[in-house]
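build me a model from this:
(one chain, ligands or ions: 3)
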Amino acid sequence: MLVSGVEILQKAHREGYGVGAFNFVNFEMLQAIFKAAVAKNSPLIVQASEGAIKYMGIDVAVALVRTLSARYPQIPVALHLDHGTSYESCVKAIRAGFTSVMIDASHHPFDENLKETKRVVEVAHACGVGVEAELGRLMGIEDNISVAEKDAVLVNPEEAERFVSESQVDYLAPAIGTSHGAFKFKGEPKLDFERLLDVKKRTNIPLVLHGASAIPDSVRASFLESGGDLKGSKGVPFAFLQEAVKGGINKINTDTDLRIAFMAEVRKVGNANNSEFDLRKFFAPASEAMTKVVAERMDILGSSGKI
Ligand code: G3H
Ligand code: 13P
Ligand code: ZN
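Ligands and ions are numbered 1, 2, ... in the order given. Predicted coordinates for the structure are as follows:
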């Protein structure tokens, strides 16, 4: 059943577990994600970026989610706009049927971020839709980073407290050292868990971890086996994801792992038979591999069995 992101994340916040928010750009990815949720009896957040919406068409993105949620009515699912860049983009998503939106004005000064978030909250709440905002910059933190540099880039807990109370936003993404994509850390992986605990204590709302792909060994091995190159890549270790959930993260944004797992299988089929051109021969194993990654993540984050 399609529900508001608030419903899914408030429960996760109350009970102390994490829900993966999985990005999709086509039917095959979405179906793979739903199959994992069904296998694991897990609540679900599926999310589309503005780029994904442009690629699929907003009507198709919503129709795909509505159709699969009708097929699997036992799964509570929220459809979330990932990194909405403007008020207009959020309103379009709400009108089209999204049940959760992110207004990402984190690159603007605090007051402007707050003002833009308030505008989105007003319209979203009138429609029963949840809102996410972000504070700080998504950047990996180096081992030798100074306190001042850290403070300039990562979330400021005092600001987070004021931001949440004034904006009435439903969930907040605090920058604590992750970054998007496959190259997250130059040295050893490092996140600022102390800062996370402080933000959770001061805000007491569901928190969101962006850039949460792990690039697990099995996914990396599969991509390399297919002839792919991941030199220099580093994800967020599973143990860090679990510590983040313990520290109050409830929504865990995951895209890169899905792309790598999916494309490894596509490449393998092509390598094995260079005269193959039946799309289904490529996409069926790719989707199956993705389901395994998502299902494993549900176990790790603690959402398995939570419906
Ligand atoms: O945070 C970004 C997501 O991974 C979506 O990326 O803009 O390439 O669709 P995209
Ligand atoms: P990854 O690139 O780590 O998968 O992060 C995705 C994300 O944060 C989407 O908003
Ligand atoms: Zn993100």
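
just give the nearest non-adjacent residue to residue 300, would you?
Excluding the flanking residues, the one nearest residue 300 by C-beta to C-beta, 6 or more residues apart in numbering is residue 238, at 5.4 Å. For glycine as for every other residue, the C-beta is placed from the backbone atoms N, C-alpha and C.

specify the beta-bridge partners of residue 130.
Legend: beta-bridge partners of residue 130 under DSSP bridges are residue 100.

I figured it hits residue 103, correct?
No: taking contacts as C-beta atoms under 8 Å, residue 130 lies outside contact range of residue 103: 11.4 Å.

excluding chain neighbours, what is closest to the closest residue to ligand 3 within the chain?
Nearest residue of the chain to ligand 3: residue 210, at 3.4 Å (C-beta to the ion). In this structure, residue 210 finds its nearest non-sequential neighbour in residue 253, 4.8 Å apart by C-beta to C-beta, 6+ apart.

how many neighbouring residues does the one you found have?
Other residues lying near residue 253 total 25 when counted by other C-beta atoms under 10 Å.

ditto for residue 1
12.

same check, this time on the one 3 residues further on
Look at residue 4: counted by other C-beta under 10 Å, it has 19 neighbours.

cool, the one 4 residues further on as well?
Counted with other C-beta under 10 Å, the neighbours of residue 8 add up to 28.

can you check the one 10 residues further on too?
Taking other C-beta under 10 Å as the criterion, the count of residues near residue 18 is 28.

one more: residue 97?
Residue 97 has 16 neighbours, counted by other C-beta under 10 Å.

correct me, but it touches residue 81?
No: Residue 97 lies out of contact with residue 81 (C-beta under 8 Å); the separation is 10.8 Å.

and the helices in this protein?
Assigned helices in the chain, in chain order: 5-15, 27-40, 50-56, 58-71, 87-96, 110-126, 147-153, 157-167, 193-203, 217-225, 238-246, 256-272, 279-301 (criterion: DSSP state H).

which one of those lies closest to ligand 1?
Closest approach to ligand 1 among these (C-beta to the nearest ligand atom): helix 50-56, 3.7 Å.

quick check: mean pLDDT of the closest one?
If you average the pLDDT over helix 50-56, you get 98.

close to ligand 1, is it?
Yes: against ligand 1, helix 50-56 shows contacts by C-beta under 6 Å from any ligand atom at 51-52.

which strands or helices does that helix pack on?
helix 58-71, strand 77-84 (3 or more C-beta pairs under 8 Å, 6 or more residues apart in numbering; DSSP states H and E).

residues of the longest one that come out buried?
Think helix 58-71. 58, 61-62, 64-65, 68-69 (16 or more other C-beta atoms under 10 Å).

would you put the C-alpha positions of it in CSV?
Output of helix 58-71 as CSV, limited to C-alpha atoms (Å, rounded to 0.1, in the frame of the first residue of the first chain):
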residue,chain,number,x,y,z
ILE,A,58,6.9,11.5,-13.8
ASP,A,59,3.6,9.8,-14.8
VAL,A,60,5.4,6.5,-15.6
ALA,A,61,7.4,6.7,-12.3
VAL,A,62,4.2,7.1,-10.3
ALA,A,63,2.3,4.5,-12.3
LEU,A,64,5.0,1.9,-11.9
VAL,A,65,5.0,2.3,-8.1
ARG,A,66,1.2,2.4,-7.8
THR,A,67,0.9,-0.8,-9.9
LEU,A,68,3.5,-2.7,-8.0
SER,A,69,2.2,-1.5,-4.7
ALA,A,70,-1.3,-2.8,-5.7
ARG,A,71,0.3,-6.1,-6.7
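
and that helix, how far from the chain's centre?
Put simply, helix 58-71 sits 19 Å off its chain's centre (C-alpha atoms, centre = their mean, to the nearest Å).

residues making contact with that helix?
Contacts of helix 58-71 with the rest of the structure, by C-beta atoms under 8 Å, 6 or more residues apart in numbering, involve 1-2, 27, 30-31, 34, 46, 48, 52-53, 56, 75, 77, 79, 92-93, 96-98.
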